[in-house]
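Participant: build me a model:
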Amino acid sequence: MSRMLNKLSLASRRLGIFIAPAVVTLATVALAPSSTDAQAQFSCTQIIGYSTTNTWFPAAEAQLDSTRWQLLWENGGAAWLWADPGYSGWGKGPDSPCTHDSRSPDRIVMDVATNVYTTDVAQLERDIRNVIATIRLKYPSVRQIMLQPEHGGPNHTTCPWASAPFGVVRATYNHPTIEAAIGRVVGGDIVRGPDPLVRTCSDFADSIGHVTPTGATALGTSNGRFYAGSAPPPPSAMPTAAARTPTPLPTVAPRTPTPTPGGSGGSSLSLNGTSAYAPAPDAADVDAVGDWTFEAWFKDETPGGYDHPRTRIATKGDTATNTEVPLFVDITSNQLWVGRRAGGNYQVLGASLAGVTANAWHHMAATFRASTFQVTLYLDGVQVAQGTGSTATAGNSAPVSIGRNGGTTPNFWRGKLDDVRLWNVVRSATDIQGSFRTEFASSPAGLVANWRFREGTGSTAADTAGAPQNATLLGGAGWSTDSPIASGPICPCSLWASTATPEVASHTDTQPVELGVKFRSDIAGSVTGIRFFKGPSNTGLHTANLWTADGTRLATATFTGESATGWQQVTFASPVRINPNTTYIASYFAPRGGYARDLGYFSASGVDRSPLHAPASNLSGGNGVYRYGSASGFPTTTYQSTNYWVDVLFAP
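Facilitator: Take a look at the predicted model:
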């Protein structure tokens, strides 16, 4: 929906583009000469891209009839950003507009890029399909969409860059993954573009993948010849993403997980970022050489947010000197990382923190399965990355260092940590989601270490699980009463904190519409009411509804005494009992539109705020639902996994 909610007569045709075609593997990727129609067949071709696209476009245009070509670009223009119809790039005028028809191009060339290291083909495929949907919205007369990947390294190899997160240029790392995602989408009027590669790694100007003037000229000339139909490159065999080491994991589409305010659990560990940490002695049960799960609450108080040099949440050993390090967790350059070192080789997994509230409490968890070397990373109870390593580690005899890397390169943590847990089992997503907001009254099976930091005084943090390996506060480490841990769910419960706010408070759509969210509860209880976030244009009389999954209305109520903006809530005349693990829909009727929205919010993950859950679209048949009409009704239609900021009030 969102920006499309204007009774689109083409809705059914556009929805059809989300049906996935047969998967094309990397080994079968080929560039067919038929993908380049002669440029004269199109009155205006628009290239859409990012900053590097702008650098090579002049050289490409020199090979073409420039009156039929134009460029639309924006700094940092990753594919998932162009998928949003409200993205700033769409508001810019094109460079060198077509003289034949600059109003509505009939062919689009999309320079597909992403702004994180990734091997997640499925996520990129979703991003590309969403971009295609938005292109069709913007240009209904488009007759062909050509997809080309962000440029790669010479012969599809990666290019080294010492200061980069993985020691390689990001564009060269991502290139095969983008190629594979494009291969899943092409068909019909969606065709493959050129396969741009730099000639030499010296063509790169930085670790991101921006190119030097010489590199830009070479790329543009090659691309221009392809567009002109004179030089389609031959098929190329490309390495698979799985063959690379280290292997970063997929990153979710950006959204803001709900931060948890300080709770009533007592105290937390406070660290100054320069000298403070809390080591716990080595012992067999904390060696982490088999299956393990690591959990911790963290509050990063580094000024400026998460985009900073490495700061360690915890390490078993010293990654600078130990060739065997079974576990380390840190935040570096706006990403959350978990990793291992085996035989001197690093195996790491990362997830972007773009859009995640800084200077706020969040929970992380990571699991490692020794039989398959699979690592899974969670943020605030939601899986955000998963991947597989290839080597076992023998472990080490070093302490568990909480708040720093052990040894010569300390990477001290600045902020607070709480309820640090180490298990000798692989916990499931359900296990993690069900217990991370509360402390354990007694140690469950498999919990081998648990530093709860409840002391609030002194220099010792007790390990309350397994054979105790108490941590010692050193270097100025202290205590804080700021803690995310509560003694149990605080209810009435809701999906979002009252401090949570939408990306867009009031959409420009003014049509009457019912907006809703699918949700479920882990436990039986009662829905006592509905709430929604109101923007300044969302006026008129609002009505709340609770529905079963098949459309039976269970309760309704009218909002009264609303404020001009912010969260509004209404209580039902009688609480409505609901069953555990059963899907329901909470909705409200907005008679004049103006609703709040976050495009793509449910595309990669849902909301998990125990005991309530709003599942991701791929697990719920689409989440974020709506229905147009002059009166309230059951909402069933979805658009690009948009969150319309409808919430539920629940009591166990």
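
Participant: tally of neighbours for the nearest residue to Val400 once chain neighbours are set aside?
Facilitator: Spatial nearest neighbour of Val400, excluding adjacent residues (C-beta to C-beta, 6 or more residues apart in numbering): Ala280 at 4.5 Å. (Each C-beta comes from the backbone N, C-alpha and C, glycine too.) The number of residues packed near Ala280 is 23, by other C-beta atoms under 10 Å.

Participant: from what I can see Ala280 touches Thr460, true?
Facilitator: No - if you go by C-beta atoms under 8 Å, Ala280 and Thr460 don't touch, sitting 10.3 Å apart.

Participant: tell me, what's touching those two both at once?
Facilitator: Common neighbours of Ala280 and Thr460 (criterion: C-beta atoms under 8 Å, 6 or more residues apart in numbering): Asn470, Ala471, Thr472.

Participant: which one of these has the most neighbours?
Facilitator: Ala471 (26 neighbours).

Participant: tell me what it is bridged to.
Facilitator: Ala461 (DSSP bridges).

Participant: how close does it sit to Gly343?
Facilitator: 29 Å (C-beta to C-beta, to the nearest Å).

Participant: per-domain residue ranges of the chain.
Facilitator: In terms of domains, the chain is parsed into 11-243, 268-480, 513-651 (source: automatic domain parsing).

Participant: can you give me the helices for the stretch 501-650 of the chain?
Facilitator: For the stretch 501-650 of the chain, the helices defined by DSSP state H, counting those that start in this stretch occupy 617-620.

Participant: Asp608 contacts Gln433, doesn't it?
Facilitator: Yes - assessed by C-beta under 8 Å, Asp608 is found in contact with Gln433 at 5.0 Å.

Participant: higher neighbour count, those two?
Facilitator: Counted by other C-beta under 10 Å, Asp608 and Gln433 do not tie: Asp608 has more neighbours, with 27 against 23.

Participant: so where's this structure shaky on pLDDT?
Facilitator: 1-40, 100-103, 165, 229-266, 441, 486-492 (pLDDT under 70).

Participant: so which residues of it form helices?
Facilitator: 11-15, 51-61, 79-82, 121-138, 170-185, 213-227, 429-435, 617-620 (DSSP state H).

Participant: can you list contacts of the second one?
Facilitator: Right, helix 51-61. Contacts of helix 51-61 (C-beta under 8 Å, 6+ apart): 47, 49, 69, 71, 73-77, 95-96, 111, 113, 150-151, 171, 209-211, 213, 216-221, 223-224, 227.

Participant: contacting residues around the closest residue to Ala276 other than its chain neighbours?
Facilitator: Counting by C-beta to C-beta, 6+ apart, Ala276 lies nearest to Ala477, which is 3.9 Å off, once chain neighbours are set aside. Contact analysis of Ala477 by C-beta under 8 Å, 6+ apart lists Leu269, Ser270, Leu271, Asn272, Ala276, Tyr277, Ala278, Gly403.

Participant: now the strands for the stretch 251-400 of the chain?
Facilitator: 268-272, 278-280, 292-300, 311-316, 325-332, 335-342, 345-352, 362-369, 374-379, 382-388, 400-402 (DSSP state E, counting those that start in this stretch).

Participant: now distance to Arg136 too, for these, in CSV please.
Facilitator: Shown next, in CSV, are those (distance: least, C-beta to C-beta, whole Å):
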stretch, distance to Arg136
strand 268-272, 50
strand 278-280, 55
strand 292-300, 40
strand 311-316, 44
strand 325-332, 38
strand 335-342, 33
strand 345-352, 27
strand 362-369, 37
strand 374-379, 33
strand 382-388, 30
strand 400-402, 51
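
Participant: of these, which approaches Asn450 most closely?
Facilitator: strand 292-300 (9.1 Å; C-beta to C-beta).

Participant: now that closest one - C-alpha only, CSV.
Facilitator: This file holds the C-alpha atoms of strand 292-300, laid out as CSV (Å, rounded to 0.1, in the frame of the first residue of the first chain):
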residue,chain,number,x,y,z
TRP,A,292,26.8,-23.1,22.3
THR,A,293,24.4,-20.2,22.7
PHE,A,294,25.6,-16.7,23.9
GLU,A,295,23.1,-14.1,25.1
ALA,A,296,23.6,-10.5,26.5
TRP,A,297,21.7,-7.3,27.0
PHE,A,298,23.7,-4.3,25.7
LYS,A,299,23.4,-0.5,25.8
ASP,A,300,26.0,1.1,23.5
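
Participant: how far does it sit from the chain's center?
Facilitator: Here strand 292-300 is found 18 Å from its chain centre; the criterion is C-alpha atoms, centre = their mean, to the nearest Å.

Participant: ok, now stretch 411-430?
Facilitator: 20 Å.

Participant: show me what contacts Ala544?
Facilitator: Gly529, Ile530, Phe532, Thr556, Ala557, Thr558, Phe559, Val570, Phe572, Ala586, Ser587, Tyr588 are the contacts of Ala544 under C-beta under 8 Å, 6+ apart.

Participant: right, I'll leave it there.
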